[in-house]
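Asks: make a model of this:
(chains A and B)
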Amino acid sequence: KNQVEQSPQSLIILEGKNCTLQCNYTVSPFSNLRWYKQDTGRGPVSLTIMTFSENTKSNGRYTATLDADTKQSSLHITASQLSDSASYICVVTRMDSSYKLIFGSGTRLLVRP
Amino acid sequence: DAGVTQSPTHLIKTRGQQVTLRCSPKSGHDTVSWYQQALGQGPQFIFQYYEEEERQRGNFPDRFSGHQFPNYSSELNVNALLLGDSALYLCASSVTPGNTEAFFGQGTRLTVV
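Replies: Model prediction:
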């Protein structure tokens, strides 16, 4: 079954600290994996997109990794800021005629001062 | 260059009523996908429009219907509203229904009372 599972469900960290969010997927065939940041009540904003051949990709303080063999990805946030408080959603694209996006339920991150 | 725009941003309807939500895709994009996102959940795929036709559909009843216009903008219609239809409705646009970046609008928050 094509699924995307994220952990933890929620996370609270202090400002300035680092954190890592996890994403495991069973989607096949695999096309790409995306991480989105979604502020409450707003639309998701893309952070990174990685294809099968890419192991890591950075966007400022956000670094995503991908292990296509184990079907795992992580999003590492460095030196967290209050504005990082949001939901982070892992999305996997299935490589077929539909290129359907399959969404995880997200990790809700709260950064406290 | 305008991104994906949705209207209205918020809407309150009564159970049994009908609602129409609108989406203008990012300039240069020709494919529009609609998602329903319940509170605390990841987005659920409703359907996708390309070349003014519904190309894919998720597990949503026929009460959910849509349309795409020649200028690529799109509408989502929901008939006979139920309390469970209360959610954030997201529109995403991309260049052809393929393996390309999807950009999301800010969403329409629908509340059914």
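Asks: how about the CA coordinates for stretch B:67-81, as PDB?
Replies: What follows is stretch B:67-81, C-alpha atoms only, in PDB (Å, rounded to 0.1, in the frame of the first residue of the first chain):
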ATOM      1  CA  HIS B  67     -14.300  22.700 -13.500                       C
ATOM      2  CA  GLN B  68     -11.300  24.100 -15.300                       C
ATOM      3  CA  PHE B  69     -11.600  27.100 -17.500                       C
ATOM      4  CA  PRO B  70      -9.700  28.000 -20.700                       C
ATOM      5  CA  ASN B  71      -7.500  30.300 -18.700                       C
ATOM      6  CA  TYR B  72      -6.500  27.300 -16.500                       C
ATOM      7  CA  SER B  73      -8.400  28.700 -13.400                       C
ATOM      8  CA  SER B  74     -10.500  26.200 -11.600                       C
ATOM      9  CA  GLU B  75     -13.500  25.900  -9.300                       C
ATOM     10  CA  LEU B  76     -14.400  23.300  -6.700                       C
ATOM     11  CA  ASN B  77     -18.100  22.800  -6.000                       C
ATOM     12  CA  VAL B  78     -19.500  20.900  -3.000                       C
ATOM     13  CA  ASN B  79     -23.200  20.200  -2.900                       C
ATOM     14  CA  ALA B  80     -25.400  19.200   0.100                       C
ATOM     15  CA  LEU B  81     -22.700  20.200   2.600                       C
END
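Asks: residues of it that come out buried?
Replies: B:68, B:72-76, B:78, B:81 (16 or more other C-beta atoms under 10 Å in any protein chain shown). (Each C-beta comes from the backbone N, C-alpha and C, glycine too.)
Asks: and the contacts of it?
Replies: B:13-25, B:29-32, B:34, B:46, B:49-53, B:63-66, B:85, B:89, B:91, B:93, B:110, B:112 (C-beta atoms under 8 Å, 6 or more residues apart in numbering or on different chains).
Asks: which ones among those map onto strands?
Replies: Cross-referencing the contacts of stretch B:67-81 against strands under DSSP state E gives B:13, B:19-24, B:31-32, B:34, B:46, B:49-50, B:53, B:64-66, B:89, B:91, B:93, B:110, B:112.
Asks: shaky segments in chain B?
Replies: For chain B, applying pLDDT under 70 flags the ranges B:1-2, B:97-99.
Asks: which residues touch the residue most central in space within it?
Replies: Nearest to the geometric centre of chain B sits B:Trp34, at 3.2 Å (C-alpha atoms, centre = their mean). The contact partners of B:Trp34, taken as C-beta under 8 Å, 6+ apart, are B:23, B:45-48, B:66, B:74, B:76, B:89-92.
Asks: can you tell me which of those residues are buried?
Replies: B:23, B:45-48, B:66, B:74, B:76, B:89-92.
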